[in-house]
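Undergrad: just coords:
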């Protein structure tokens, strides 16, 4: 019995050391993961500060939202500057949503005002490792007032520079497609 007690104490001590070494080595990863989960619950998703007006024009940058707004049924049209510097109005017609050929693109009718602007943002989360926020903001052009913010939080469990074959370990809460899905669009606009 005395030998058994000594062997059990040794095993318990060795396990404690192994657990302490693992926690010390992966402590940042563990804290980062729990911070990521907390941000997903508190900041990610939709925040509607002021309901949006239906049936008005929006503006966005080419390749950073012009197709997104043109596809939204409650938006009259999207306006952007094309690769040649020409102001264009765009509206979804039919076909694959991600292809410009699916849209009517015409010279901008400047008699029709745009009320909102859609911008994208990406920022590192302060005091965290490998955690960032990204998403869309809708602002009222006349006032600059933030109307809607949609946020995705991303976290990389491991630094890709220190993994075998630069293996990714990223995860996000909310897909980029959540911003313009019909269920979420219904939440942005005044009834």
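TA: Thanks, I have it. Computed from a predicted structure; not experimentally measured.

Undergrad: identify the residues contacting the closest residue to residue 115 other than its chain neighbours.
TA: Distances taken as CB to CB, 6 or more residues apart in numbering place residue 56 nearest to residue 115, at 4.2 Å, with adjacent residues excluded. Heads up, the C-betas are built off the backbone N, CA and C, glycines and all. Counting by CB atoms under 8 Å, 6 or more residues apart in numbering, residue 56 makes contact with 75-76, 113-116.

Undergrad: nearest to residue 37 among those residues?
TA: residue 116 (31.9 Å; CB to CB).

Undergrad: right, and the closest one touches residue 52 too?
TA: Yes. Here residue 116 lies in contact with residue 52, judged by CB atoms under 8 Å, at a distance of 6.6 Å.

Undergrad: shared neighbours, the two?
TA: Common neighbours of residue 116 and residue 52 (CB under 8 Å, 6+ apart) are 138, 147.

Undergrad: for stretch 138-151, what is the average pLDDT?
TA: Averaged across stretch 138-151, pLDDT comes to 95.

Undergrad: show me what counts as buried in that stretch.
TA: In terms of neighbour count (16 or more other CB atoms under 10 Å), stretch 138-151 has its buried residues at 138-139, 147-151.

Undergrad: among these, which ones are in helices?
TA: Assignment to helices by DSSP state H places none of those there.

Undergrad: give me the neighbour count for residue 75.
TA: As a burial measure, residue 75 scores 26 neighbours (other CB atoms under 10 Å).

Undergrad: ok, it touching residue 58?
TA: Yes. Residue 75 is within contact range of residue 58, at 5.3 Å (criterion: CB under 8 Å).

Undergrad: which neighbours do the two share?
TA: residue 69.

Undergrad: list buried residues within the contacts of residue 56.
TA: Buried members of the contacts of residue 56, scored by 16+ other CB under 10 Å, are 75-76, 114-116.
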